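A.B. asks: below are the sequence and a predicted model; questions follow.
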Amino acid sequence: MSFVSPPRPERRRPRHFRKTVTGAALTLGLGAAALAPIQSASSAPLPEAVDGVYTVLGQSWGVSATEAKSRLDAEHAKTAALETVQAQLAKASKSAGAGLDGAFFDSARRLVVNVHTTQAAETARANGLSPRTVARGEKALTALQTKAQAIIDRSGSTQVQQVGTDLPSDQLRIILQPGEQSAKTVALVKQLKALPGVAVSTNTTTLSMTADVIGGQIMDLVPGTNCSLGFSGTRNGSDNVMLSAGHCVEGNPMVQNRSGVRLGVGVASRFRTGSPSVDMGLMDIDSNNVGRGYIDNRNGQTTRVTGSSKAPVGSTICKAGNTTGWTCGTIQQYNLTVNYGGAGGSVTRTSGLARSTVCTEGGDSGGAYISGTVAQGMTSGGPSDGHDCGFNQGGNATGSYSFYQPVVDAANYYGVTLTRG
């Protein structure tokens, strides 16, 4: 039997399980997860950047992918015409008021442009745009926003939720937090409404920071340490969750991203320190966050998730993790039982794991393993022998190995359908 130590975080150090196995110690890959890009020739090629775009647009618009492409191409053509008009007007006149003053697509997909002169209107119309004359326009609204914000700052009110220009209505819209207005807010609203072009309203809900939940990125645990995010999915048709290594969510920690924005909370784990375990777990994604159907390759690229499987032994597999980024190798074994040694001499027997030649380090736990675009599993652990995988080394990060929890088994156990990209 092999003895492995559980999660080794990069920053905060939780429990360390250390035992010797044929002269080497193994560690659970607990810690942060950063996204790693596909950089190795051994990894599957990335999908085209436009892959699926027109299909998704067509579905949302109720048209075919071909029609969706035509619509999007038409928008791009009008945007190009807008740039042409701006250049023509700038060349024809040195007057600031002779140009365009804001533009937007209306419900009929016309590109409407604000104008203040006949020349601007004629030039816009000649290029297929829809000119209109307005009282203010983008420049005046921007100046009005600066003025209104200064008034808000001086008022002492803490109930202003949003301030922003609205080109279609040619107004500055100011939205307040829901609830009863304080005396300071009442006085502020009176001042704001006295400004021409300002519209004040009250929202019915509060706001919270929203984050994308993307496999391979950091999974900051509170309290505890750092892991890496795994695969997003749904349960019962709508409950957004993320499959993770069980030791990452043991104790149901609150989960944040690298910016400290809350992503969700651990809700289930089959990992119990010191007891027979399976290293699978579940994080519930907060309703204001979005679980994405792709993983971050850590080099500005992403890989779609198109399905899940247990690829044959010997298959090429890559992993995105926070500590080592994108590393690749091959699948060696399935259904392993590994003993993770812990603090105080405890041993956690962990079954159902797969082994690969993918290099990982502490902080990679929970990170996404993928073969091409097909999900394979989440990092569990690896040897604690001082090896250095480097970062984003792809198939060049050799000389080590790692264990992972097959995603198919975890998804089946928790009844999760993976989110696809």
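C.D. replies: It's in.
A.B. asks: got the domain ranges for the protein?
C.D. replies: Structurally, the chain divides into domains by automatic domain parsing as follows: 3-48+216-418, 53-85+97-133, 138-202.
A.B. asks: what mean pLDDT does the top strand by length along the chain have?
C.D. replies: Across the chain, the longest stretch assigned as strand under DSSP state E is strand 325-341. For strand 325-341, the mean pLDDT works out to 79.
A.B. asks: buried residues, that strand. List them.
C.D. replies: Applying a neighbour-count criterion of 16 or more other C-beta atoms under 10 Å, one finds 325-332, 336, 338-341 buried in strand 325-341. Using the backbone N, CA and C atoms, a C-beta is placed for each residue, glycine as well.
A.B. asks: isn't W326 up against A320?
C.D. replies: Yes. With contact taken as C-beta atoms under 8 Å, W326 and A320 are classed as touching, separated by 5.7 Å.
A.B. asks: downstream of the longest strand of the chain, the next helix or strand is which one?
C.D. replies: strand 347-356 (DSSP states H and E).
A.B. asks: what is that next one packed up against?
C.D. replies: When contacts are defined as 3 or more C-beta pairs under 8 Å, 6 or more residues apart in numbering; DSSP states H and E, strand 347-356 sits against strand 277-278, strand 325-341, strand 374-383, strand 402-406.
A.B. asks: centre of the chain to that strand, how far?
C.D. replies: Between the mean C-alpha point of strand 347-356 and the mean C-alpha point of its chain there is a distance of 29 Å (C-alpha atoms, centre = their mean, to the nearest Å).
A.B. asks: please identify the helix or strand for N114.
C.D. replies: Applying DSSP H and E as the criterion places N114 in strand 111-115.
A.B. asks: following that strand, which helix or strand comes up?
C.D. replies: For strand 111-115, the succeeding helix or strand toward the C-terminus, using DSSP H and E, is helix 118-126.
A.B. asks: give me the buried stretch members for stretch 216-227, please.
C.D. replies: The neighbour-count criterion (16+ other C-beta under 10 Å) identifies 216-221, 224-227 as the buried residues of stretch 216-227.
A.B. asks: stretch 379-390 now?
C.D. replies: Neighbour-count burial for stretch 379-390, counted by 16+ other C-beta under 10 Å, picks out 379-384, 387, 389.
A.B. asks: re earlier: right, and out of the buried residues of stretch 216-227, which lies closest to L89?
C.D. replies: Within the buried residues of stretch 216-227, proximity to L89 (C-beta to C-beta) peaks at Q217, which comes in at 44.4 Å.
A.B. asks: quick check: the gap between that closest one and T350.
C.D. replies: Counting by C-beta to C-beta, to the nearest Å, the separation of Q217 from T350 is 24 Å.
A.B. asks: ok so, going back, nearest to R132 among the buried residues of stretch 216-227?
C.D. replies: Comparing every one of the buried residues of stretch 216-227 with R132 (C-beta to C-beta), the shortest separation belongs to Q217, at 43.8 Å.
A.B. asks: what does that closest one show for phi and psi?
C.D. replies: phi -90, psi 170 (degrees, to the nearest 10).
A.B. asks: that one contacts R258, doesn't it?
C.D. replies: Yes. With contact defined as C-beta under 8 Å, Q217 and R258 form a contacting pair (7.0 Å).
A.B. asks: lowest pLDDT pick from the buried residues of stretch 379-390?
C.D. replies: S384 (70).
A.B. asks: burial of G164, as a residue count?
C.D. replies: The criterion is other C-beta atoms under 10 Å. On that basis, G164 has 10 neighbouring residues.
A.B. asks: contacts only, for the residue lying closest to it once chain neighbours are set aside.
C.D. replies: The spatially closest residue to G164, leaving aside those adjacent along the chain, is R173, at 6.0 Å (C-beta to C-beta, 6 or more residues apart in numbering). Taking C-beta atoms under 8 Å, 6 or more residues apart in numbering, we find R173 in contact with 162-166, 199, 201.
A.B. asks: what's the closest of those to S275?
C.D. replies: Taking C-beta to C-beta as the measure, S275 sits nearest to Q162 out of the contacts of R173, at 50.0 Å.
A.B. asks: just confirm the closest one contacts I174, I think it does.
C.D. replies: Yes. Q162 is in contact with I174 according to C-beta under 8 Å; the separation is 7.1 Å.
A.B. asks: which one of those two has more residues nearby?
C.D. replies: I174 (25 against 12).
A.B. asks: helices along the chain, start to end?
C.D. replies: 53-61, 65-92, 118-126, 138-155, 183-193, 407-414 (DSSP state H).
A.B. asks: most tightly packed of these?
C.D. replies: Comparing the helices of the chain by mean neighbour count (mean count of other C-beta atoms under 10 Å), helix 407-414 ranks first with a mean of 19.
A.B. asks: quick one on the thing from earlier: the residue nearest to G164 and R292, how far apart?
C.D. replies: Separation of R173 from R292 (C-beta to C-beta): 30 Å.
A.B. asks: swap in H116?
C.D. replies: Remark: distance between H116 and R292 (C-beta to C-beta) = 43 Å.
A.B. asks: circling back to that earlier point, of all the helices of the chain, which one is nearest V265?
C.D. replies: Proximity to V265 (C-beta to C-beta) singles out helix 407-414 among these, at 15.2 Å.
A.B. asks: what helices or strands is that closest one leaning on?
C.D. replies: Secondary structure elements in contact with helix 407-414, counted by 3+ C-beta pairs under 8 Å, 6+ apart, are strand 231-235, strand 239-244, strand 307-308, strand 374-383, strand 416-418.
A.B. asks: low-scoring stretches of the stretch 151-300 of the chain, by residue?
C.D. replies: 205-214, 223-224 (pLDDT under 70).
A.B. asks: residue with max distance from the center of this structure?
C.D. replies: Outermost residue of the chain with respect to the C-alpha centroid, by C-alpha atoms, centre = their mean, is T118; its distance is 46.1 Å.
A.B. asks: thinking again about what came up before, which one among the buried residues of stretch 216-227 gets closest to R298?
C.D. replies: Distance to R298, by C-beta to C-beta, is smallest for G216 among these, at 6.5 Å.
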